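**Student:** I would like to see how this sequence folds:
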Amino acid sequence: MRTTGTVGITRLIGHTPLLRVRLFEREFPRVEVYAKAEWFNPGGSVKDRAALSMIEDGEQSGALTTDRTIIDSTSGNTGIAYALVGAAKGYRVKLVMPANVSAERKALVAAYGAEIVYSDAGEGSDGAIRMVRDIVALDPESYFYPDQYSNPANPRAHYEGTAVEILEQTSGRITHFVAGLGTTGTFVGASRRLKEHDASIKTIAVQPEDSFHGLEGLKHLPSAIVPRIWDKTLADEVVGCPTEPAYDLARAVARNEGLLVGHSSGAALWAVRRLAETIREGVVVTVFPDSGDRYLSTGLYGRQR
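**Tutor:** Coordinates of the predicted model:
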C-alpha cells in the first residue's frame, strides 16, 4: 500500500536494498553473496542510521536541546549524516574532521550548513577524537556531544534496523555476516541481533591489516583508540585487509556489476572472497557503507596497478 502526502527526509533512512553480488560466482558457485546498498540512504551512507539514532536518543533524554550545537569527530560519513539530520531538525552542527578526508566529503558537509574544524591529517580519526574532546571540555554547556564511538544508540540503530532488514530480505537464510570496523557500530549492532536470531550465524569483522593504510573510514583497532561500543565477543573472526587488493575489488565490482562503491566496500569484498575460499557454500551478507562517488578525487577509480 502506498502512502500519500509528504514525509520528512529522515523518514527515508533505512530499508536499503539487498543486492546480489556475482563477482565471485564463477569461482564459488555455491556461495551466495549479498550486500546492503547503504548509499540508498538520503545522506548517502550507512552512517545515516547511527546519526539519526543518536540524535533522536539525545532528544528523548533531554540532552539535546535547540540551544545546543551538535558536535562530534568524524572521518566524513557520520559528519554528512549529522549535517543532514541537523538541518532537517533545525539544529546547529559542528564537526571535527581530519584535514585529509576527501574533498567530496568536505563539500557535502558544508552544503548542509555544518561548521567544520580540521584536525591534523597525520593523526587520523584519533586526532579528531582528541580535538573534539578538548573543544567540549572548554564549554560543555554549549554542545550536545553524541560521541559516536561510545554511544549505545549507534549499534542500536543496526540492532533494530540493519539486522532485522537482513533477516527479512534473506528470509532468515543468512549463514555469514561480514562488515568493516570503523566506529564498530554496524558490526556490533547487526551481529548481536543476528546471533540472537540464530547462534550458528558466523560473523567476520574487517579492519585494515596495519596502522598505515588507505582504507578511509576503517580503523586498525590494535593501534587506535578502541571504541567503547566495540564488543569483540561478537566476532567469530577479525581479519586484516591490505589496501591495494581492496581497491582492486572496488574497481572490479564497479566495472563488472555497475556498483560504484567506496574503499571500505572493497575491503568487505576482500574478506568475503577470503571467506568463500574456506566455506565453499553459504549465504553471505556484507555491508557496502557508501558509494564511490565521494572518493573520485582520491584516485580510487583512477589508479591502476
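**Student:** Extract the C-alpha trace of the helix or strand hosting A128 and format it as CSV.
**Tutor:** A128 belongs to helix 124-138 when assigned by DSSP states H and E. Output of helix 124-138 as CSV, limited to C-alpha atoms (Å, rounded to 0.1, in the frame of the first residue of the first chain):
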residue,chain,number,x,y,z
GLY,A,124,43.8,10.5,11.6
SER,A,125,40.5,9.8,13.3
ASP,A,126,42.2,9.6,16.7
GLY,A,127,43.4,13.2,16.4
ALA,A,128,39.9,14.3,15.6
ILE,A,129,38.6,12.5,18.7
ARG,A,130,41.1,14.2,20.9
MET,A,131,40.4,17.6,19.4
VAL,A,132,36.6,17.3,19.8
ARG,A,133,37.0,16.2,23.5
ASP,A,134,39.1,19.3,24.1
ILE,A,135,36.5,21.6,22.5
VAL,A,136,33.7,20.2,24.5
ALA,A,137,35.7,20.3,27.8
LEU,A,138,36.1,24.1,27.4
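**Student:** What's the mean pLDDT across it?
**Tutor:** The average of the pLDDT scores along helix 124-138 is 94.
**Student:** ok, R20 - contacts?
**Tutor:** Listed by C-beta atoms under 8 Å, 6 or more residues apart in numbering, the contact partners of R20 are E32, V33, Y34. All C-beta atoms are positioned from the backbone trio N, CA, C, and that covers glycine.
**Student:** Format those as CSV; extra columns: pLDDT.
**Tutor:** Listed next are the contacts of R20 as CSV, based on pLDDT from 0 to 100:
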residue, pLDDT
E32, 98
V33, 98
Y34, 98
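**Student:** From the residues you listed, list just the buried residues.
**Tutor:** Neighbour-count burial (16 or more other C-beta atoms under 10 Å) is assigned, among the contacts of R20, to E32, V33, Y34.
**Student:** So V96 lies in a strand, does it not?
**Tutor:** Yes - the assignment for V96 by DSSP: H, G, I helix; E, B strand; the rest coil puts it in a strand.
**Student:** So it is in contact with R130, correct?
**Tutor:** No - applying C-beta atoms under 8 Å as the test, V96 and R130 come out as separate, 9.2 Å apart.
**Student:** quick one: common contacting residues for the two?
**Tutor:** S119.
**Student:** Just the pLDDT for G282.
**Tutor:** pLDDT, read off for G282, is 98.
**Student:** can you give me the helices in this protein?
**Tutor:** 47-61, 77-89, 103-111, 124-138, 153-157, 163-169, 185-197, 243-257, 263-279 (DSSP state H).
**Student:** so what secondary structure elements neighbour the fourth one?
**Tutor:** By that I understand helix 124-138. Applying 3 or more C-beta pairs under 8 Å, 6 or more residues apart in numbering; DSSP states H and E, one finds that helix 124-138 contacts strand 69-73, strand 93-98, strand 115-119.
**Student:** can you redo these as JSON lines with distance to N154, mean pLDDT and mean neighbour count?
**Tutor:** JSON lines is the format used below for the helices and strands packed on helix 124-138 (distance: least, C-beta to C-beta, whole Å; pLDDT from 0 to 100; neighbours: other C-beta atoms under 10 Å):
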{"stretch": "strand 69-73", "distance to N154": "11", "mean pLDDT": "97", "mean neighbour count": "23"}
{"stretch": "strand 93-98", "distance to N154": "16", "mean pLDDT": "96", "mean neighbour count": "24"}
{"stretch": "strand 115-119", "distance to N154": "20", "mean pLDDT": "96", "mean neighbour count": "17"}
